[in-house]
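Trainee: predicted structure and sequence below. I'll ask about it afterward.
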Amino acid sequence: MKQKKSIVAVILFVAIFLMFSFSAQALDGRISYSTTTITTPNGTPVTAYYTTEDYSEEEKANSRRTYEERFPGIEFLADPTPRYNCHSYAWYMSSSTNSYWIESIDAYIDDPTYMVTTTPAEGDIIVYFKPDNVPNHSGVIDEVLSGTSNGVCGDANLYMVVSKWSGNALYRHRGDYCPFVREYTGASTYVKYYHMHVYTYTNIDIYTHTLNCRCMEPMEELHNWVQIGIGALFRCSVCGYRSNFTPATPENVPIETWSQLMAKAAMTNGVTFTLDDIDFCYMNGQYYIVTEYTSDVVITPNVME
């Protein structure tokens, strides 16, 4: 009888383990999902899945027990849930309130908002790849460690990572120390790191702004003017600077300056220039006199549009 109970206990443990051991991308077949579309920062559509269902408290406890016994020292951050996975946490929303599950990150990897980096920093994304170059797991770098690579999944041991373990809990762990790595019966053999360009804008004036990102030298560039509202109010779609543009006419521009305007060749939309100490902008076939907008000049800096 004791032997029979032992066998039943082993079977139950294996069943619980397998229940929470599906791959990083696969949806939990016991949960009912609906489909929706989200977008990358650059606007590329991505298929996502959502559900209002969740695991029972017993299932959550069993999942935690399984992985925290298997990986002593990992730091528990948030409960197991089928509502979001590792890819969604790393690429879409790094929060335990995330409500989307993403199976494919191809659109994010191809998005120009992101760049591969060999010098990752806190906040960058680590992606674990199978030998066939298929992404198997994603996480967010939480700390850069000192030392040398141990060769397990590249140099992943040099970073502390926060990642969602499929439908299991959200953990903080060393990059090479998780169930997705080949040395721990996972499928991943190497990693890549991705930096998201998060731009801020300084030195904003009537002509230009300075573009800043930690991965590049500051770069001065012209505003990209777009018309907003009614009238001649324009906004730079990149930095948010606003200006009033008065249409240039022979009545409000000296005749010599007007002649120079009329002699100009076709120009690119949004180009700002000066003639005879007057600031002009060319937009949609019209020359405008540029005057600074004095109220709410700069809006909150935004991610690359």
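Mentor: Yes, it's here.
Trainee: now do the contacts for the residue nearest to residue 122 when sequence neighbours are not counted.
Mentor: Computed as C-beta to C-beta, 6 or more residues apart in numbering, the closest residue to residue 122 that is not its neighbour in sequence is residue 141, at 5.8 Å. In this view, the C-beta of every residue, glycine as well, is placed from N, C-alpha and C. Residue 141 is in contact with 120-126, 159-161, 175, 193, counting by C-beta atoms under 8 Å, 6 or more residues apart in numbering.
Trainee: which SS class is residue 141?
Mentor: On the three-state scheme (DSSP: H, G, I helix; E, B strand; the rest coil), residue 141 is labelled strand.
Trainee: roughly how far does it sit from residue 149?
Mentor: To residue 149, residue 141 is 15 Å away according to C-beta to C-beta, to the nearest Å.
Trainee: quickly list what residue 38 is bridged to.
Mentor: Residues in a beta bridge with residue 38, per DSSP bridges, are residue 46.
Trainee: hang on, the earlier thing: I'd like the contacts of residue 141 as CSV, with distance to residue 73, secondary structure and neighbour count appended.
Mentor: Listed next are those as CSV, based on distance: C-beta to C-beta, whole Å; DSSP: H, G, I helix; E, B strand; the rest coil; neighbours: other C-beta atoms under 10 Å:
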residue, distance to residue 73, secondary structure, neighbour count
120, 22, coil, 21
121, 24, coil, 14
122, 20, coil, 11
123, 23, coil, 13
124, 23, coil, 20
125, 23, strand, 26
126, 19, strand, 23
159, 15, strand, 24
160, 11, strand, 19
161, 13, strand, 25
175, 14, coil, 27
193, 23, strand, 21
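Trainee: which of these sits closest to residue 281?
Mentor: Nearest to residue 281 among the contacts of residue 141: residue 123, at 36.5 Å, using C-beta to C-beta.
Trainee: I'd assumed residue 143 was in contact with that closest one.
Mentor: No - in terms of C-beta atoms under 8 Å, residue 123 does not count as a neighbour of residue 143; the distance is 10.5 Å.
Trainee: burial of residue 28, as a residue count?
Mentor: Applying other C-beta atoms under 10 Å, we find 19 residues neighbouring residue 28.
Trainee: can you tell me the helix or strand for it?
Mentor: Using DSSP states H and E, residue 28 sits within no helix or strand.
Trainee: for it, which non-adjacent residue is closest in space?
Mentor: Once flanking residues are discounted, residue 28 sits nearest to residue 82: 4.7 Å by C-beta to C-beta, 6+ apart.
Trainee: the one you found touches residue 52, doesn't it?
Mentor: No - Residue 82 is beyond contact range of residue 52, at 10.4 Å (criterion: C-beta under 8 Å).
Trainee: more neighbours, these two?
Mentor: Neighbour totals were compared for residue 82 and residue 52, and residue 82 leads with 23 against 9 (other C-beta under 10 Å).
Trainee: for the more buried one, give me its contacts.
Mentor: Counting by C-beta under 8 Å, 6+ apart, residue 82 makes contact with 27-28, 31, 51, 53-55, 101, 167.
Trainee: any chance of a ChimeraX selection covering the buried ones in those?
Mentor: Buried residues among these (16 or more other C-beta atoms under 10 Å), as a ChimeraX selection:
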select :27,28,31,51,55,101,167
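Trainee: of the contacts of residue 82, which belong to strands?
Mentor: Under the assignment DSSP state E, those contribute nothing to strands.
Trainee: per-domain residue ranges of the chain.
Mentor: The chain breaks down into these domains under automatic domain parsing: 2-196, 200-292.
Trainee: can you tell me which of these is most buried?
Mentor: Mean neighbours per residue, mean count of other C-beta atoms under 10 Å, is largest over these for domain 2-196, with a mean of 17.
Trainee: ok, back up a step: okay, the domains of the chain in TSV with mean pLDDT next?
Mentor: What follows is the domains of the chain, written out as TSV (pLDDT from 0 to 100):
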stretch	mean pLDDT
domain 2-196	90
domain 200-292	84
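Trainee: need the strands for the stretch 51-200 of the chain, in chain order.
Mentor: For the stretch 51-200 of the chain, the strands defined by DSSP state E, counting those that start in this stretch cover 75-78, 114-116, 125-129, 135-144, 159-164, 170-174, 190-196, 200-202.
Trainee: tell me, what residue is most central in the protein?
Mentor: Per C-alpha atoms, centre = their mean, the C-alpha nearest to the average position across the chain is that of residue 91, at 4.6 Å.
Trainee: that residue against residue 127, yeah?
Mentor: No - in this structure residue 91 lies outside contact range of residue 127 using C-beta under 8 Å: 9.1 Å.
Trainee: what touches both of the two?
Mentor: Listed contacts common to residue 91 and residue 127 are 105, 138; contacts here mean C-beta under 8 Å, 6+ apart.
Trainee: and residue 244, which of the three is it?
Mentor: Judged by three-state DSSP, the three-state class of residue 244 is strand.
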